[in-house]
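Asker: Just to be clear, the model below is a prediction. Sequence and coordinates:
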Amino acid sequence: MTDFVQVSTATETRDQALELARSVVQARLAAGAQIIGPVTSVFWHNGEFGTGEEWQLLLKTTASRYAELETHLIEHHPWTNPEVTATSIVQGSASYLEWIDRTVAN
């Protein structure tokens, strides 16, 4: 079942998260998106320790569409070096995974 991934990124505002989510789902790079937030992040950035509120996006897609999704997120993200990570979906209901596959099919 490693043909499917959940991709994560974050933005500073809910509106930015919603705009990214809409753009990738409309482009069929992700079958769906959940926006979670605000969440508190603790991080190092430009050599400084910081904390802040962010809005997390969780996107479902196929492994074969990941590269296009990553490129789209980086090109359209308001940050210059955003987090874009993917985690394999190791198990899931067959009908849900089929839906992802059908939705993002080229």
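Answerer: Sure, I can see it.

Asker: So what touches stretch 52-63?
Answerer: Stretch 52-63 has contacts (C-beta atoms under 8 Å, 6 or more residues apart in numbering) with 2-14, 16-17, 20-21, 24, 29-41, 43, 69, 86, 88-89, 100-101, 104. Using the backbone N, CA and C atoms, a C-beta is placed for each residue, glycine as well.

Asker: So for it, what gets flagged as buried?
Answerer: E54, W55, Q56, L57, L58, L59, K60, T61, T62 (16 or more other C-beta atoms under 10 Å).

Asker: which one among those residues gets closest to G47?
Answerer: Set against G47, the nearest of the buried residues of stretch 52-63 by C-beta to C-beta is E54 (19.6 Å).

Asker: neighbouring strands for whichever strand or helix holds that closest one, and are they parallel or not?
Answerer: E54 belongs to strand 48-62 when assigned by DSSP states H and E. Applying DSSP bridges to the sheet, strand 48-62 is found paired with strand 4-11 (antiparallel), strand 32-45 (antiparallel).

Asker: Let me know the average pLDDT across that strand.
Answerer: Taken as a whole, strand 48-62 has a mean pLDDT of 97.

Asker: Identify the residue nearest L97 in space, chain neighbours excluded?
Answerer: In this structure, L97 finds its nearest non-sequential neighbour in F4, 5.7 Å apart by C-beta to C-beta, 6 or more residues apart in numbering.

Asker: May I have stretch 50-66 as CSV, with CA atoms only?
Answerer: Provided in CSV are the C-alpha atoms of stretch 50-66 (Å, rounded to 0.1, in the frame of the first residue of the first chain):
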residue,chain,number,x,y,z
GLY,A,50,11.1,30.7,17.8
THR,A,51,7.5,29.7,18.4
GLY,A,52,4.5,30.6,16.4
GLU,A,53,1.0,29.6,15.3
GLU,A,54,0.6,27.8,12.0
TRP,A,55,-2.2,26.1,10.0
GLN,A,56,-1.3,22.5,9.0
LEU,A,57,-2.4,21.0,5.7
LEU,A,58,-2.7,17.2,5.3
LEU,A,59,-3.1,16.2,1.6
LYS,A,60,-3.8,12.7,0.3
THR,A,61,-2.3,11.6,-3.0
THR,A,62,-0.6,8.8,-4.8
ALA,A,63,3.2,8.3,-4.7
SER,A,64,3.3,8.8,-8.5
ARG,A,65,1.8,12.4,-8.1
TYR,A,66,4.0,13.4,-5.2
